[in-house]
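K.L.:
when you get a sec, could you give me coordinates for this:
(3 chains)
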Amino acid sequence: MNTPSRPAGWPRTEAEALAVQDELRLRVDGTDHSPEPGASGTVVVGLDVAYDDERDMVAAAAVALDAHSLDVLARATAFGRVAFPYVPGLLAFREIPALLEALDSLREKSGREPGLLVCDGYGRAHPRRFGLASHLGVLTGVPSIGVAKNPFVFTSAEPGPRRGDSAPLLDGTEEVGSALRTQDGVKPVYVSSGHRVSLQAARAHTLSLARRYRLPETTRCADALCRAALREAVQGEVRGDAAYGGKQS
DNA sequence: GCGACAG
DNA sequence: ATCTTGTCGC
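P.N.:
Sure, this is the predicted structure:
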């Protein structure tokens, strides 16, 4: 019933959060230890968070898919209070406590270890090279990538028009990610490596997960789940239903 | 100094 | 992220 929104020691100020990023960024492993994209039996986890700022409430979702079939193997949610205000570049501090809780819950009920985490946002494509996907990867040790819908502060050439076409996402002259077309003639997504995944592999995983739609199936499933969970939790609160007061699956 | 800025 | 109807198309 008790859902800590801010774990002990969680940063309270922007300065503290920046210090944490500077410390943890040193632990990022840029070499590839990710499973083969689309490999049967590999568990890929999609993660997302929905907010109700009015009620200071967040709902996180973690969904496990089979990398080959894209079948949903397990789902988990977690609820809490907003852990940090939204500050561009510090998104992780807002979302990670609830995401870790959902991920723990998912491990319990699936009984399987994730081979890859797919986050809504950035990994290396970040002002300090330590976005949400990098942060979550370092904390869990699981290979991770970030797939975002917008280029944030970076620029890229327009990738070619076909699925699979990509262009470097640049911070000046440094390649920090890829603009990747996942469907013919559809707006690209912005992919970057988080932890223990190369950029090339991050693109391959993204394409393998986005077979029919612009966004990876992992992201679509997690997005739908956390939104539904938040709706139900808010309704429950309005009705004064105690069953919605804590965490749920 | 001002605006822009993952979700 | 979220506020929000209908509409065009596969």
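
K.L.:
quick check, the residue in chain A closest to DNA strand C?
P.N.:
Proximity of chain A to DNA strand C (CB to the nearest atom of the strand) peaks at residue A:50, 3.5 Å away. C-beta coordinates here come from the backbone N, C-alpha and C atoms, glycine included.

K.L.:
strand partners (parallel or antiparallel) of the helix or strand containing that residue?
P.N.:
Using DSSP states H and E, residue A:50 sits within strand A:43-52. Strand A:43-52 pairs in its sheet with strand A:57-66 (antiparallel), strand A:116-120 (parallel), by DSSP bridges.

K.L.:
so which bits of that strand are buried?
P.N.:
Buried positions in strand A:43-52, judged by neighbour count with 16 or more other CB atoms under 10 Å: A:43, A:44, A:45, A:46, A:47, A:48, A:49, A:50, A:51.

K.L.:
just the C-alphas of it, formatted as PDB.
P.N.:
Only the C-alpha atoms of strand A:43-52 are listed here, as PDB (Å, rounded to 0.1, in the frame of the first residue of the first chain):
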ATOM      1  CA  VAL A  43      12.700 -11.200 -23.400                       C
ATOM      2  CA  VAL A  44      12.400  -7.600 -24.400                       C
ATOM      3  CA  VAL A  45      10.900  -5.100 -22.000                       C
ATOM      4  CA  GLY A  46       9.100  -2.000 -22.900                       C
ATOM      5  CA  LEU A  47       8.800   0.800 -20.300                       C
ATOM      6  CA  ASP A  48       6.700   3.900 -20.000                       C
ATOM      7  CA  VAL A  49       5.200   6.300 -17.500                       C
ATOM      8  CA  ALA A  50       1.900   8.300 -17.500                       C
ATOM      9  CA  TYR A  51       1.200  11.400 -15.300                       C
ATOM     10  CA  ASP A  52      -1.500  13.100 -13.500                       C
END
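
K.L.:
chain center to it, what's the gap?
P.N.:
On the basis of CA atoms, centre = their mean, to the nearest Å, strand A:43-52 sits 6 Å off its chain's mean C-alpha point.

K.L.:
quick one: average confidence on it?
P.N.:
Mean pLDDT, computed over strand A:43-52, is 97.

K.L.:
what does stretch A:150-164 give?
P.N.:
So the average pLDDT for stretch A:150-164 ends up being 91.
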